[in-house]
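# what's the 3D shape of this:
(chains A and B)
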Amino acid sequence: MCLAIPALVKSIEGNEAEAEIGGISRKISIILTPEARVGDYVLLHTGYAINVIDEEEAEETLKLFEEMASLEE
Amino acid sequence: MRFIDEFRDAELARAVVNRIHRRSNKHVRLMEFCGGHTVAIMKHGIRQLLPETVEMLSGPGCPVCVTANQDLDIAIALAREPGVIITTFGDMLKVPGSRSSLQRVRADSADVRVVYSTLDALQIARENPEKAVVFIGIGFETTAPTIAASILKAEEEGIRNYYVLSMNKLCPPVIKALLDCGEVKLDGLICPGHVSAIIGSHPWEFAARDYGISCVVSGFEPLDVLQSVEMLVDQLEKGEPRVEIAYRRGVRPEGNLRAQELMNAVFELSPANWRGIGMVPESGLRLRKEYERFDAELAFDIEPGPTLEHKGCLCGDILRGVRTPLDCKLFRTSCTPEHPVGPCMVSSEGSCASYFHYETA
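Alright, predicted model coming up:
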């Protein structure tokens, strides 16, 4: 129920945005994430962006996984 | 898809699993609160990858599953009212109330429509000004702000025929209720990622501080869940319970302040009735006085009749983590996703549905 998937913001008009989700385009509401900008990825839940995905944090997390994995070898 | 595929890397996952095996000595019992996590754990076979020292339990984090029959009966009675269009998330359709379901009353000519978003429900209200359009407002903190936003939008546009049946529920108070009742002994909690995207990580601190429960806020891909288990095992081995965020790309400690603001503008705390758990104080949301005219329960005079429970159904115990679906005599016999007896078999995130689809043992 609390499913939210990454969506790429393509254009913004007021509280609405056009977003791409796995190749599909749809109109979403960004009323809960006024800080969203074109080019951001947001977490999309039932038609609303509920957070802007922090790309730096995502990279950091992945880097950590990779470093730890390389120590295993 | 970006931010999903990278977090499903099998090689990286194997490394995390190896570390958990090496690190884990103490027997620990972890609960994943959220139904989304239950699905991830079952679908990716995560329980089977973990050492025997790490026991995983499923919690009550499925809004459809925890909706009490009494509340379902109100939704079903509303659907029978003349001139009413019910709009609902699809998961609610098949859930059996005391005597019927939204799907069955729809077959009896009630106007029940599945929507993906409150935005769709509002559009139906705009297109049908002569009808009363009621949105069945189930969900946790993730969904509540989107319902609040729809009410503010209806207010702004002067949409007079839009109503919400508010059955929203809040996660931290029900975890507190479970811990207080002491029926399930827990060491660690995998906290719901998208609930926490809204409320942040601070509302979980009571669990670490007052109950000594280790808490990690987790994302929903297999690497996310494994990372969270690793962090919990590490905390528990050290004996230092605290709240940490593993899902850092999606959750900030303070949460989404704008969403909290909208939610608080429209709703206030109320007691809520949880299936299997009962009334939990301040675990629900009702509309504030200023927005009362959107309240479906006040707008219609509903008499749902006496509440009946489903005989033999263990959903209540399963939601409290006391039993698993395999303990239920109805599981896979008279209760299947095609013909569900209890809600945990209906919702795709219900424990019974997850076990039905993914558990082969």
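# which parts of stretch A:42-57 are buried?
Judged by neighbour count (16 or more other C-beta atoms under 10 Å in any protein chain shown), stretch A:42-57 contains these buried residues: A:42-54, A:57. All C-beta atoms are positioned from the backbone trio N, CA, C, and that covers glycine.
# output it in PDB with nothing but the alpha carbons.
What follows is stretch A:42-57 as a C-alpha-only set of coordinates in PDB (Å, rounded to 0.1, in the frame of the first residue of the first chain):
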ATOM      1  CA  VAL A  42      11.000  11.700  -6.900                       C
ATOM      2  CA  LEU A  43       9.400   8.900  -5.000                       C
ATOM      3  CA  LEU A  44       5.900   8.600  -6.500                       C
ATOM      4  CA  HIS A  45       3.100   7.300  -4.300                       C
ATOM      5  CA  THR A  46      -0.500   7.200  -5.700                       C
ATOM      6  CA  GLY A  47       0.100  10.100  -8.100                       C
ATOM      7  CA  TYR A  48       1.900  12.300  -5.600                       C
ATOM      8  CA  ALA A  49       5.700  12.800  -5.300                       C
ATOM      9  CA  ILE A  50       6.300  12.200  -1.600                       C
ATOM     10  CA  ASN A  51      10.000  13.000  -1.500                       C
ATOM     11  CA  VAL A  52      12.900  14.000  -3.900                       C
ATOM     12  CA  ILE A  53      15.300  11.100  -4.100                       C
ATOM     13  CA  ASP A  54      18.800  12.100  -2.800                       C
ATOM     14  CA  GLU A  55      21.100  11.000  -5.600                       C
ATOM     15  CA  GLU A  56      24.200  11.600  -3.600                       C
ATOM     16  CA  GLU A  57      23.000   9.500  -0.800                       C
END
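# could you check how far that stretch is from the centre of its chain?
Stretch A:42-57 has its C-alpha centroid displaced from the chain centroid by 4 Å (C-alpha atoms, centre = their mean, to the nearest Å).
# smallest gap between chain B and chain A, at which residue?
Among the residues of chain B, B:S117 lies closest to chain A, at 3.0 Å counting by C-beta to the nearest C-beta.
# okay, the residue lying closest to A:E35 once chain neighbours are set aside and B:D187: tell me how far apart.
Distance criterion C-beta to C-beta, 6 or more residues apart in numbering or on different chains; nearest residue to A:E35, sequence neighbours excluded, is A:V52 at 6.1 Å. In this structure, A:V52 and B:D187 are 33 Å apart, going by C-beta to C-beta, to the nearest Å.
# for A:L62, same thing?
In this structure, A:L62 and B:D187 are 28 Å apart, going by C-beta to C-beta.
# tell me who's in contact with B:L179.
Each residue near B:L179 by C-beta atoms under 8 Å, 6 or more residues apart in numbering or on different chains is listed here: B:186, B:207, B:211, B:213.
# dump the residues you listed into JSON lines; add pLDDT, secondary structure and distance to chain A as well.
As requested, those are exported to JSON lines (pLDDT from 0 to 100; DSSP: H, G, I helix; E, B strand; the rest coil; distance: C-beta to the nearest C-beta, whole Å):
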{"residue": "B:L186", "pLDDT": "96", "secondary structure": "coil", "distance to chain A": "20"}
{"residue": "B:A207", "pLDDT": "98", "secondary structure": "helix", "distance to chain A": "19"}
{"residue": "B:Y211", "pLDDT": "97", "secondary structure": "helix", "distance to chain A": "23"}
{"residue": "B:I213", "pLDDT": "98", "secondary structure": "coil", "distance to chain A": "21"}
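# out of those residues, which end up buried?
When those are checked for burial by 16+ other C-beta under 10 Å, the buried set is B:186, B:207, B:213.
# before we move on, back to that, A:L62 and B:D187 - which one has more neighbours?
Between A:L62 and B:D187, B:D187 has the larger neighbour count (other C-beta atoms under 10 Å in any protein chain shown), namely 20 against 17.
# ends of stretch B:175-188, what's the gap?
12 Å (C-alpha to C-alpha, to the nearest Å).
# where in chain A is pLDDT low?
Where chain A drops to pLDDT under 70, the residues are A:73.
# for it, longest strand please?
Using DSSP state E to assign secondary structure, the strand with the most residues in chain A is strand A:5-13.
# now do it: which elements does it pack against?
For strand A:5-13, the contact count by 3 or more C-beta pairs under 8 Å, 6 or more residues apart in numbering or on different chains; DSSP states H and E identifies strand A:16-21, strand A:41-45 as packing neighbours.
# distance to A:T33 for those - can I get that in a markdown table?
Formatted as a markdown table, the entries for the helices and strands packed on strand A:5-13 read as follows, by distance: least, C-beta to C-beta, whole Å:
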| stretch | distance to A:T33 |
| --- | --- |
| strand A:16-21 | 9 |
| strand A:41-45 | 6 |
